[in-house]
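Participant: Give me a model of this one.
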Amino acid sequence: MKSYENINYKLYLVTDRDVLNGRDFLKSLEQGILGGVSVVQLREKNTNSLEFYNLAIEVKKLTEKYNIPLIINDRVDIALAVDADGVHVGQTDLPANIVRKIIGKNKILGVSTANLEEAKKAVDNGADYIGVGALFPTVTKTNTRKVNLDQLKYIKENTNIPIVGIGGINEINVRSVIETGVDGAAIASAILSKTNIKETAESLYNEIQLSFKNRR
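Facilitator: Numbers count the residues shown, from 1 in each chain. The predicted model follows:
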């Protein structure tokens with residue numbers, strides 16, 4: 001039995017230090033967690049391995065303090081080095097089935113997908129959850145593939161593991177994402193770029209909670 005079967009994916013924060021405008025990263029991250037962030041994915045595209053490792057060590061202390069999962073983006077080696085809760089890979093990273101062999105059966109494995117074929121393959125290859133997008137224009141990634149809400153709903157209805165919507169999600173559109181039936185929303189700049197990160201996260205989490213109640 002896996003250690004991570006009851007993950008709360010509702011408010012899934014993808015980190016992006018570039019949108020903080022010089023503010024302290026760990027303090028900002030903690031404010032997001034205090035506001036309701038339920039999963040943290042540490043995403044570092046423009047740093048070397050040592051810096052990524054050292055940052056991951058500090059972030060893990062924070063996520064352990066609040067008992068929420070730490071997912072490392074792309075870097076399987078960093079995830080293993082800091083004993084993170086899991087790793088998230090995209091379509092151009094190591095294949096999910098290979099990642100699963102490397103990390104073992106008791107770590108979380110997430111896979112980015114943009115269509116049902118990729119989603120089904122991710123499930124077959126051992127993914128625990130799927131990120132589907134990009135749903136809306138996003139400033140944090142430039143090489144995205146567009147997925148609309150109807151496609152998101154279709155993928156959710158035809159897979160049997162948790163799905164998190166990703167890409168450009170904010171307080172204006174988050175409810176429409178959750179109403180498709182997915183398990184959560186992955187958000188980066190719509191939380192971390194705000195002046196009051198805790199309040200913003202609280203507002204988003206409340207919107208998500210309300211959307212879950214309304215669809216029952």
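
Participant: CA only for contacts and neighbour counts going forward, please
Facilitator: Fine.

Participant: element containing Ile155?
Facilitator: Assigned by DSSP states H and E, Ile155 belongs to helix 149-157.

Participant: buried sites along that helix?
Facilitator: For helix 149-157, the neighbour count (16 or more other C-alpha atoms under 10 Å) marks Leu149, Gln151, Leu152, Lys153, Ile155, Lys156 as buried.

Participant: what's that helix in contact with?
Facilitator: 115-116, 119, 132-133, 135, 163, 165, 176-177, 180-182 (C-alpha atoms under 8 Å, 6 or more residues apart in numbering).

Participant: Over to stretch 115-129?
Facilitator: Taking C-alpha under 8 Å, 6+ apart as the rule, stretch 115-129 contacts 96-97, 100, 108-111, 113, 130, 132, 147, 151, 154-155, 158-159, 161-164.

Participant: are any of those residues buried, and which?
Facilitator: By 16+ other C-alpha under 10 Å, the contacts of stretch 115-129 give 96-97, 100, 108-111, 113, 130, 132, 147, 151, 155, 161-164 as buried.

Participant: How far off centre is the helix holding Ile155?
Facilitator: 18 Å (C-alpha atoms, centre = their mean, to the nearest Å).

Participant: what is the rounded mean pLDDT of it?
Facilitator: The predicted model assigns helix 149-157 a mean pLDDT of 97.

Participant: Next secondary structure after it?
Facilitator: Defined by DSSP H and E, the subsequent element after helix 149-157 is strand 163-165.

Participant: list the buried ones in the helix or strand following that following strand?
Facilitator: Sequence-wise, the next helix or strand downstream of strand 163-165 (DSSP H and E) is helix 174-178. Within helix 174-178, the residues scored as buried using 16+ other C-alpha under 10 Å are Val174, Arg175, Val177, Ile178.

Participant: Can you classify Ile71 by secondary structure?
Facilitator: strand (DSSP: H, G, I helix; E, B strand; the rest coil).

Participant: And it, how close does it get to Lys146?
Facilitator: Distance from Ile71 to Lys146, counting by C-alpha to C-alpha, to the nearest Å: 24 Å.

Participant: Cool, thanks, signing off.
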